[in-house]
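Asks: Here's a sequence, model it:
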Amino acid sequence: MPEMILMEAEEKMELSLEALRREFVTIRTGRANPKMLERVTVDYYGAQSPINQIASVQVPEANQIYVKPYDKSVLSKIEKAILAANLGLTPTNDGNGLRMIFPAMTEERRKESVKVLHKLAEENKVAIRNVRRDAIADLKKMEKDKLMTEDQLEIYQDEVQKLTDKFIEKIDHVTFEKEKDVMHI
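Replies: Okay, here's the model as predicted:
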């Protein structure tokens with residue numbers, strides 16, 4: 001039973017790390033990245049659909065993204081959705097698709113992006129610590145219900161802490177790598 005608590009905690013921590021990686025993909029680095037548009041959804045015949053399901057998303061140049069919808073009637077909806085997503089991009093409509101040109105990032109903008117990275121990383125560290133807190137509470141409940149001894153509780157608490165430290169270290173590593181990417185000119 002305590003092993004199940006540990007496995008569940010590890011799964012939740014892994015999910016939190018994956019969520020952080022997905023968030024980091026949407027942060028600009030000065031180069032065009034089609035994954036920035038993954039979270040943008042468009043009302044397509046009554047259903048919220050991701051852009052990549054209703055249009056082709058291409059990177060014709062290092063500083064451009066071109067979105068060409070499969071159905072031209074949706075072009076204006078895609079444009080509105082991109083503007084509403086606050087990605088810092090202004091799409092240019094050419095009648096067939098949308099072209100978004102990424103301006104060169106200034107030093108100030110890069111530093112702002114790094115602050116956002118650190119904020120997201122800290123939020124995920126808090127989520128990891130919350131998973132740790134919940135796991136330890138479950139273990140203490142097991143000890144209270146006489147399903148394990150105090151010594152076993154100590155051992156499992158140490159395991160939860162080691163797991164937490166491992167994921168905090170992974171978050172720091174992912175953040176450091178993304179920060180290097182953002183600050184690279």
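Asks: if I look at the residue positioned nearest the centre of the chain, how far off is residue 121?
Replies: The chain has residue 23 as the residue nearest its centroid, 2.1 Å off, counting by Cα atoms, centre = their mean. Residue 23 sits 9 Å away from residue 121, going by Cβ to Cβ, to the nearest Å. Where you see a C-beta, it was placed from the backbone N, CA and C, and this is true even at glycine.
Asks: got it, and residue 143?
Replies: 33 Å.
Asks: These two: which is more packed in?
Replies: residue 121 (21 against 18; other Cβ atoms under 10 Å).
Asks: how about that one, what does it touch?
Replies: Residues near residue 121 by Cβ atoms under 8 Å, 6 or more residues apart in numbering: 20, 171, 172, 174, 175.
Asks: Please apply the same query to residue 8.
Replies: Residue 8 neighbours (Cβ under 8 Å, 6+ apart): residue 135.
Asks: tell me the average confidence for the host helix or strand of it?
Replies: Per DSSP states H and E: residue 8 is located in helix 2-25. Confidence for helix 2-25, expressed as mean pLDDT, is 92.
Asks: Can you give me the buried ones in the helix or strand where residue 156 lies?
Replies: Taking DSSP H and E as the definition, residue 156 sits inside helix 150-183. Judged by neighbour count using 16 or more other Cβ atoms under 10 Å, the buried positions of helix 150-183 are 153, 156-157, 159-160, 163-164, 167-168, 170-171, 174-175, 178-179, 182.
Asks: Show me the two of the residues you listed that sit farthest apart.
Replies: Distance extremes for the buried residues of helix 150-183: the farthest pair is 153 and 182 at 42.8 Å, using Cβ to Cβ.
Asks: The closest residue in space to the residue nearest to the centre of the chain that isn't next to it in sequence: what secondary structure?
Replies: Spatial nearest neighbour of residue 23, excluding adjacent residues (Cβ to Cβ, 6 or more residues apart in numbering): residue 120 at 5.2 Å. Counting by DSSP: H, G, I helix; E, B strand; the rest coil, the backbone at residue 120 sits in helix.
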